[in-house]
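Undergrad: any chance you could fold what I've pasted below:
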Amino acid sequence: MILNIKDSEKVAKILLKINAVKLQPSNFFTWSSGKKSPIYCDNRLILSHVHEREFIVKLFCNQIINNFKSIDYIAGVATGAIAHGMLIASKLNLPFIYVRDSAKSHGRQNQIEGNLKKGSNVIVIEDLISTGKSSLKAIEAIEQSESKVIGLGSIFTYEIFNKDYLNVPCFSLCNYSTLINVAIDNNLINEDEKNILSNWQNSNH
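TA: Residues are numbered from 1 along each chain as shown. Have a look, this model is predicted:
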């Protein structure tokens, strides 16, 4: 599923403007996994910017309405996509659930929070897709609850995962390649830095 390139470029500009995405090709970040990366993404920052947040939600809703039918639930992947998912569900007038990385070790020991009816069609929302592992866990949890994931949408993807790995239709509002092109067009990085960023992505495919 391809998002209109102009809209994708607008998302890239938003992410760079509000520092939801930071690029450091000369001083790599260290992710929580220990992986070294020239890019860091925190899409929670979008929530503090009203117009940008509304634009992101509008794009999500348009993609969902135009590409999916018979949707029963919107699911956010904890914790980064809970707020984004709730906003989308509210706009579409659909019930919302969220999915943890694993079941809680106390209380009701839920992995899925909310009332998910068996046999429901679910759209999963991610704030960011890197390796796809958290997305896969969410998909598996929903399907183990005897419902069906009919699509997965994210704000941003590093494009370093195989979509076939998830086995559901996927879309992202913006991807790594588009963001890097927007960054160089706006003189935020130079050609040497672009090459470092591209080489990192290629080495992680």
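
Undergrad: contacts and neighbour counts: CA atoms only from here.
TA: OK.

Undergrad: and the spatially most central residue of the chain, which helix or strand is it part of?
TA: Centroid-nearest residue in the chain: Ser154, 2.6 Å away (criterion: Cα atoms, centre = their mean). Using DSSP states H and E, Ser154 maps to strand 148-157.

Undergrad: before we move on, what about Arg53?
TA: Assigned by DSSP H and E, Arg53 falls within helix 50-67.

Undergrad: next, the angle from that helix to strand 148-157.
TA: Orientation of helix 50-67 against strand 148-157 (axes from the mean of the first three to the mean of the last three Cα atoms, to 10 degrees) gives an angle of 140 degrees.

Undergrad: mind giving me the packing neighbours of helix 50-67?
TA: For helix 50-67, the elements it packs on are helix 82-92, strand 170-175, judged by 3 or more Cα pairs under 8 Å, 6 or more residues apart in numbering; DSSP states H and E.

Undergrad: show me where pLDDT drops low in the protein?
TA: 1-2, 104-109 (pLDDT under 70).

Undergrad: where exactly do the helices run in this structure?
TA: Secondary structure of the chain (DSSP state H): helices at 5-17, 50-67, 82-92, 133-144, 176-185, 191-203.

Undergrad: how far off centre is the first one?
TA: Using Cα atoms, centre = their mean, to the nearest Å, we find the averaged C-alpha position of helix 5-17 to lie 14 Å away from the chain's own average C-alpha position.

Undergrad: same deal with the fourth one?
TA: Averaging C-alpha coordinates over helix 133-144 and over its chain gives two centres that are 14 Å apart (Cα atoms, centre = their mean).

Undergrad: residues contacting that helix, please?
TA: 77, 99-102, 111-112, 124, 126, 129, 148-149, 166 (Cα atoms under 8 Å, 6 or more residues apart in numbering).

Undergrad: one more time with 10 Å
TA: Contacts with helix 133-144, where a contact means Cα atoms under 10 Å, 6 or more residues apart in numbering, come from 75-78, 98-103, 111-112, 116, 118-126, 128-129, 145-154, 161, 165-168.

Undergrad: now which of the residues you listed would you call buried?
TA: 75-78, 98-101, 111-112, 116, 120-126, 128-129, 147-154, 161, 166, 168 (16 or more other Cα atoms under 10 Å).

Undergrad: same for the strand holding Ser154, what does it pack against?
TA: Contact analysis of strand 148-157 by 3 or more Cα pairs under 10 Å, 6 or more residues apart in numbering; DSSP states H and E lists helix 5-17, helix 50-67, strand 73-77, helix 82-92, strand 121-129, helix 133-144, strand 170-175, helix 176-185 as its packing neighbours.

Undergrad: and the ones you listed as JSON lines, adding distance to Cys41?
TA: What follows is the helices and strands packed on strand 148-157, written out as JSON lines (distance: least, Cα to Cα, whole Å):
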{"stretch": "helix 5-17", "distance to Cys41": "9"}
{"stretch": "helix 50-67", "distance to Cys41": "15"}
{"stretch": "strand 73-77", "distance to Cys41": "16"}
{"stretch": "helix 82-92", "distance to Cys41": "15"}
{"stretch": "strand 121-129", "distance to Cys41": "8"}
{"stretch": "helix 133-144", "distance to Cys41": "15"}
{"stretch": "strand 170-175", "distance to Cys41": "12"}
{"stretch": "helix 176-185", "distance to Cys41": "11"}
